[in-house]
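S.K.: 3D, please:
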Amino acid sequence: EQAFIENPAKVEEWKNKADVIREETNTLVSYISQLKEELVRTSGSEPVGEDNPYSADGFYLQTENGDTLQIKNEQDLNVPSEMMITQKRAEELKNEIIRYREMLVGMLSEDDVELRETILQELETADPPVDLKEGGENKTWEIQHFESKPIVAVLTLLSKIQIDVKNSEANLIKYLYAQIDAGSFKFNKLAAQVIPNSNIILQGDEYIAEVFLAAEDTTCLL
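M.R.: Model prediction:
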């Protein structure tokens, strides 16, 4: 934003992309926060207040609007399985992650292999490989993470996904900021340069040379 203020024409393209990323990130993080709140309220919760103060051994969730809910049954297995698997909320979440991931990767050039791989790993949604020790059963990403898992574990996983989304956003914003000057020439010194047409001048001949101002980066080590 500061770079855009200083040079709108040069920065506009990259700032517009950064604004899109910020909006999409906030949308996905908010979606996951609402999903967490719905899980807790469905499982059973009680707002923290004078009649229900914090306790050292309690489990709590802070909602988007600032309320704090105490989770009444932190080992609940039924609500997460019902909501995330039976009602296919996990599949919906996976599709949202895929859409977000493809949006980020689409802003990279083909040469940015390392950053591309980082984003793909952080926002991985592929089905796990078959584990022969567990009977060789095929499991989906949804079942692996959300079936028969206690609600506290599901909430922890959802919070991790939010962190991964924010980390991916930070990596992309840093990348876009670097692109502002990616095609610019860096220099810290100006000097006159003279290039004659010939190094040998005979008496009576005309001396012809190109004279121009050259930029140089004295900090660059070759």
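S.K.: In the sheet, which strands lie alongside the helix or strand in which residue 190 is found, parallel or antiparallel?
M.R.: For residue 190, the element it lies in under DSSP states H and E is strand 189-196. Looking at strand 189-196 with DSSP bridges, its partner strands are strand 209-216 (antiparallel).
S.K.: mean confidence for the helix ranked longest in the chain?
M.R.: Identified as the longest helix of the chain according to DSSP state H is helix 8-43. Mean per-residue pLDDT for helix 8-43: 95.
S.K.: Can you list the helices and strands that that helix packs against?
M.R.: helix 2-6, strand 60-62, strand 68-71, helix 78-80, helix 89-105, helix 151-179 (3 or more C-beta pairs under 8 Å, 6 or more residues apart in numbering; DSSP states H and E). C-beta: built from backbone N, CA, C; applies to glycine.
S.K.: Enumerate the positions of the third one that are buried.
M.R.: To tie it back to what came earlier, the one meant is strand 68-71. 69-71 (16 or more other C-beta atoms under 10 Å).
S.K.: Using CSV, please lay out those together with pLDDT.
M.R.: Below are the buried residues of strand 68-71 laid out as CSV (pLDDT from 0 to 100):
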residue, pLDDT
69, 93
70, 93
71, 93
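S.K.: Go through those residues and say which is closest to residue 23.
M.R.: residue 69 (27.4 Å; C-beta to C-beta).
S.K.: and the gap between that closest one and residue 155?
M.R.: As for residue 69, its distance to residue 155 is 11 Å (criterion: C-beta to C-beta, to the nearest Å).
S.K.: swap in residue 89?
M.R.: Separation of residue 89 from residue 155 (C-beta to C-beta): 14 Å.
S.K.: These two: who's more crowded?
M.R.: residue 155 (22 against 18; other C-beta atoms under 10 Å).
S.K.: Excluding chain neighbours, what is closest to the more buried one?
M.R.: residue 36 (5.6 Å; C-beta to C-beta, 6 or more residues apart in numbering).
S.K.: Counting neighbours, what do you get for residue 117?
M.R.: Counted with other C-beta under 10 Å, residues neighbouring residue 117 total 11.
S.K.: Find the centremost residue of this protein, please.
M.R.: residue 168 (1.7 Å; C-alpha atoms, centre = their mean).
S.K.: what sits against that residue?
M.R.: Neighbouring residues of residue 168 by C-beta atoms under 8 Å, 6 or more residues apart in numbering: 101, 104, 118-119, 122-123.
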